[in-house]
Structures are given as structure tokens and as C-alpha cells.
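# sharing a model that was predicted from the sequence below.
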Amino acid sequence: MFDRSEAQKILLENLKRVVDQKVAPVAAETDRSGSFNWEIVSLFWDLGLLQIMLPPQYDGWPENPSHTLCLSIEAIARGCAASSLLLIIQAVGSYPLIFAGNEAQKRKFCPMISHGRKLMGYLVTEPEAGSDVQAIRCTARKSGDHYVLNGRKVFATNGSVAGLYSVLAKTGEKELSFFMVERDREGISIGRIEEKCGFRGSNTAEVILEDVKVPAENLIGRPGEGFKIAMGDFDMSRPAVAALSLGLAEGALDYTVEYARNRQTFGKPLIEHQAIQFLLADAATLIEASRGLMEQAAVAFDSGRKNTKLASMAKFFCSDAAMKITTDMVQVLGGYGYIRDYPIERMFRDAKLTQIFEGANQIQRMIIGREISKK
Ligand SMILES: Cc1cc2nc3c(=O)[nH]c(=O)nc-3n(C[C@H](O)[C@H](O)[C@H](O)COP(=O)(O)OP(=O)(O)OC[C@H]3O[C@@H](n4cnc5c(N)ncnc54)[C@H](O)[C@@H]3O)c2cc1C
């Protein structure tokens, strides 16, 4: 575990209280109804959680923002994974602006986010392009001092609730570029809102762009830098998904240990059966290992060191661990683990997504393989 600054300690103490009192108690109902919880959103704005990655002059976290983001995500995911995803997508969606935008763009868009409290959407995935980002078809055609965007983006977290999007589009045959696009621009409409197996409190929508006119000054970086920016974004977002997975696994283990203390079988508490202890021991060990990888990857990002390999390791290890742990915790609860009245089945459904998004785990292994085979 890396040292926490005094400011981080205070933030995490407050956050633990807020999660216990206000976030965790509504997690089951949000999951059941599949509705987007705006009260949690405004609570997170009040706590400064949705602008952690912004530059400090725009109300971002002054030191070690990625580490702070990850610790906050972990704390929230212990009680509600879907709520913690709000922090990830806010950071992912604003990354192109923060790390590749010019000063004029930051002056224009950062206050919209922090003071205007706009949620971010990150529009990259398309029906024919998920893992293979370079296969996107959405186009941005230059027309005078504007670009005109046309395309269909799917699986956009916050898609129908965001006020501002980062959109990846083709500005040439083999040239991808990012644009900041305000939600209220003419030509933007919302398609399907996805019904999901887990993360049901998170909004996942299709966003359709038809002849959307965007000023040329909304292009982030230089034309053709979009792919590089998207790959850089992953170095920040993958430790964040690792943190979400870790929090989810910790929440599942905490609940299950308490349950196993109180449930009796064959005349003694479940927790005294060695076979059950082995499952709990495996979970506790995977959690400690997950924390080490996640924090290393986040701290490396903050220090400016190249963390691509570590970020992929953290993402796949922590999410595979969360999937194994939540599956095993269902087993410890037996039939009750499979019943909606108990939180473990929700955690089990939520864990699956962590192995898929921000680059599925096969892709993470490909990246690690590529990195270690480099001379
Ligand atoms: C709830 C949810 C929220 C999401 N939020 C966002 C968002 O906000 N913004 C956004 O842009 N996207 C988002 N996504 C999209 C997500 O990032 C993609 O689903 C993910 O990248 C995988 O792409 P795909 O679904 O098209 O799968 P595919 O690319 O079709 O892959 C299918 C499977 O094949 C494997 N695979 C693919 N290629 C290879 C290969 N070369 N070798 C071995 N295995 C391979 C993959 O690992 C995967 O298991 C979200 C998805 C979900 C489900």
C-alpha cells in the first residue's frame, strides 16, 4: 500500500461515511429499477469527486489525482459499483481535453464541467468497432471553419445523461481525431438505452450523430492524434477499472464473512468449516495482490512514468479476481447467494463487466505480451 497524504485520508474518511449512509443503502433499489440516480450525482459533485482529474486551476485534485481517483472509486465500489463508474467515465471522457487540449479549449470546457456540473460521455465504440478502435466509421468532414460529424456510437456510459461528449471520428481514411461535442448540438439524438445484466444503475446508450456541425476549434490536439490520445486515456482508466474491481471484491468479501459468522450448518458457524475458510482465504489474498497492482499502476501514471503494461496487468488481474471472488462468495452463501434480497448476486453480475470494458481482458494480455516482447 502506498502512503496516503493527509488530504487523501480526510477525503477517504468522509467518503466512507457517505458510502455507508447514502450510497450503499440505495444500491439494491437502483439495481432493481435500473434508473439513473441523480441524487448520487449531485452528492458526488458536492464532494468534488467528479472533477478530480481536472487541472487544479479548474477545481481538480492538486496532487496524485490518479491515485486519489482510484482510492475514491474503490471506496464507492465497496457499496455500489454502478455509482463508482460515474467517476471513471467522468475522468475518461475529460482525458482528451485535459491531456491533449490547448489552453483555450481548457478555458472553454473545464468550467463547463466543474461549475456547469456537466457529466461526460466518451463516444468511441461503434457497432462494428469495439476492441478494434481503428475500425470506427464515424466521420468528421471539414467544411470551412467547421467539421461535420456523422456516425453511430454504442454502449456510451452516460450516453443519454451527459452534457458533453468526447467523440472519436475519422478525419481522413486512416486518420482518427477527438472532438469535444456539446450534447445540445443539432443532429445529436439518443437511440437505444441498453438493458444490462449488471451495472443497472449506470446509463448505457446509443448516441447518433447526423450532420452535427462542430467548430474546428473543438478538435483536440492535431488531426490524426485521436488514436494516440485514446491509448493514453487507457493508461489512466485501466487502473481506475482495477480499483472498481477491487472495491467490488472487498464489498463481497466483507458481506460474506459476516454472513458466514452467523449462518450455522452441522452445528457450527459456516466460517468454521475449513472448505469455506479456503474460499475466504483465496479471496483475501487476491484482494491484497489486486491492491498492490492497482496502486502501482495509478501512482506510476501520476509520476509521469510509462505505465501501459502495469495498467493492463492491474485491469485484467483485478477484474479476473473480482469475478472469481464474487462467484465464490455466491457459493459461500449457497442458495441465498443466488437470491435478489442478498447483495452478492448483484456484485456477481456487476463483476462480469469489469472483464469486458476499457479493453476486454484478452486485449490486456495482448498488450502485456506486446510490451514484454519489445526489445
Ligand atoms: C456497460 C458497458 C459500458 C461501456 N461504456 C463505454 C463507453 O462509455 N464508451 C465506449 O466507447 N465504449 C464503451 N463500452 C464498450 C466496451 O469498451 C466494448 O464493449 C469493449 O471494448 C469490447 O468491444 P466489443 O464489445 O465490440 O467486443 P469485440 O471487440 O467484438 O470482442 C469480442 C470478444 O473477442 C475478444 N477479442 C477481440 N479481438 C481479439 C483478438 N485480436 N484476440 C483475442 N481476442 C479478441 C474480446 O476480448 C472480447 O472478449 C461499454 C461497454 C459496456 C458493455
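Structure received. Numbers count the residues shown, from 1 in each chain.

# ok, longest helix in this structure?
helix 226-262 (DSSP state H).

# neighbouring strands of the helix or strand following that helix in the sheet, and parallel or not?
Note on helix 226-262: by DSSP states H and E, the next helix or strand toward the C-terminus is strand 264-265. Partners of strand 264-265 in the sheet, by DSSP bridges, are strand 268-269 (antiparallel).

# got a list of contacts for the strand it pairs with?
Contact with strand 268-269 is made by Ala260, Arg261, Asn262, Arg263, as judged by CB atoms under 8 Å, 6 or more residues apart in numbering. From N, CA and C alone the C-beta is placed, and that goes for glycine too.

# check the offset of it from the chain's centre.
Between the centre of strand 268-269 and the centre of its chain there are 39 Å (CA atoms, centre = their mean, to the nearest Å).

# any idea how far Cys197 lies from the ligand?
Distance of Cys197 to the ligand, computed by CB to the nearest ligand atom, to the nearest Å: 9 Å.

# for that residue, phi and psi?
With angles defined as degrees, to the nearest 10, Cys197 sits at phi -70, psi -40.

# was I right to think it contacts Arg346?
No. If you go by CB atoms under 8 Å, Cys197 and Arg346 don't touch, sitting 10.4 Å apart.

# and Met231, how many neighbours?
Met231: 13 surrounding residues under other CB atoms under 10 Å.

# nearest residue to it in space, ignoring adjacent ones along the chain?
Thr308 (7.8 Å; CB to CB, 6 or more residues apart in numbering).

# next, count neighbours for that neighbour.
Residues near Thr308, counting by other CB under 10 Å: 19.

# OK, contacts around it?
Contacts of Thr308 by CB under 8 Å, 6+ apart are Met231, Phe234, Asp235, Ile367, Glu371.

# the third one against Asn307, yeah?
Translated: Asp235. Yes. At 5.4 Å, Asp235 and Asn307 qualify as touching, with contact defined as CB under 8 Å.

# Glu295 touches Leu69, doesn't it?
No. Using CB under 8 Å, Glu295 is not in contact with Leu69; the gap is 11.8 Å.

# all helices of the stretch 51-200 of the chain, in order?
Along the stretch 51-200 of the chain, counting by DSSP state H, counting those that start in this stretch, helices occupy 65-77, 81-100, 103-114.

# and these as CSV, adding mean pLDDT, mean neighbour count and distance to the ligand?
Converted to CSV, the helices of the stretch 51-200 of the chain look like this (pLDDT from 0 to 100; neighbours: other CB atoms under 10 Å; distance: least, CB to the nearest ligand atom, whole Å):
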stretch, mean pLDDT, mean neighbour count, distance to the ligand
helix 65-77, 98, 27, 15
helix 81-100, 98, 26, 6
helix 103-114, 97, 17, 16
